[in-house]
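Chemist: pasting the structure only:
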């Protein structure tokens, strides 16, 4: 890993952590509900710099974010880590197959679907152990995931277009990814 890559990951992770922290300050009508704003940075990173950068940002954000808010190694950390890895891997797999088939909005929706599915599976496996409870809450979680995934994808799309327009060096990075 080159020094430039380490700096890029550090800066983008800081952005993701800032969005994660900002999101924690927002009032939530449902205790477990999160918009996933930090995923905007993950999608942008995946599109511009590749899977490895996006996964590193996801891992740094989940680990440091949980340490900062005091949930490290707790239930929400496990669900966040599992969801983050699943969502990032799914987006990375789709993006590696075809960089043009799905744009940021499609990638975000795929990431949200896999993130939520992994979280529901882990909640069942590790904590709930009642399939009825998981099946009852699944439609609500999936609907919220679709809405927030779409919104995050739109923001990521605008961000990526602005970066590519204003930073010609990023175009070279996209070509290499």
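Modeler: Great, that's in hand. Bear in mind that the values here come from a model prediction, so they are computed numbers and not experimental data.
Chemist: count residues in the vicinity of residue 161, would you?
Modeler: 11 (other Cβ atoms under 10 Å). Placement of C-beta: from N, CA and C, glycine included.
Chemist: for it, what is the enclosing helix or strand?
Modeler: helix 131-166 (DSSP states H and E).
Chemist: what helices and strands are in contact with that helix?
Modeler: Contacts defined by 3 or more Cβ pairs under 8 Å, 6 or more residues apart in numbering; DSSP states H and E place helix 131-166 against helix 39-49, helix 104-122, helix 168-176.
Chemist: any idea which helix or strand of this structure has the worst average confidence?
Modeler: helix 168-176 (a mean of 54; mean pLDDT, DSSP states H and E).
Chemist: dead centre of the protein: give me the residue that sits there.
Modeler: residue 39 (3.2 Å; Cα atoms, centre = their mean).
Chemist: please list the outside residues in contact with stretch 96-105.
Modeler: 43-44, 47, 51, 94-95, 110, 150, 153-154, 156-157, 160, 177 (Cβ atoms under 8 Å, 6 or more residues apart in numbering).
Chemist: low-scoring stretches of this protein, by residue?
Modeler: 1, 29-32, 168-177 (pLDDT under 70).
Chemist: circling back: filter the contacts of stretch 96-105 down to the buried ones, PyMOL style.
Modeler: The PyMOL selection below is limited to those of those classed as buried (16 or more other Cβ atoms under 10 Å):
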select buried, resi 43+44+47+51+94+95+110+153+156+157+160+177
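Chemist: go through the contacts of stretch 96-105 and say which is closest to residue 81.
Modeler: residue 51 (17.2 Å; Cβ to Cβ).
Chemist: does that closest one touch residue 92 like I think?
Modeler: Yes - counting by Cβ atoms under 8 Å, residue 92 is a contact partner of residue 51 at 3.8 Å.
Chemist: returning to that earlier point: and the closest residue in space to the residue nearest to the centre of the chain that isn't next to it in sequence, how many neighbours does it have?
Modeler: Nearest residue to residue 39, sequence neighbours excluded (Cβ to Cβ, 6 or more residues apart in numbering): residue 152, at 5.2 Å. When neighbours are counted by other Cβ under 10 Å, residue 152 registers 27.
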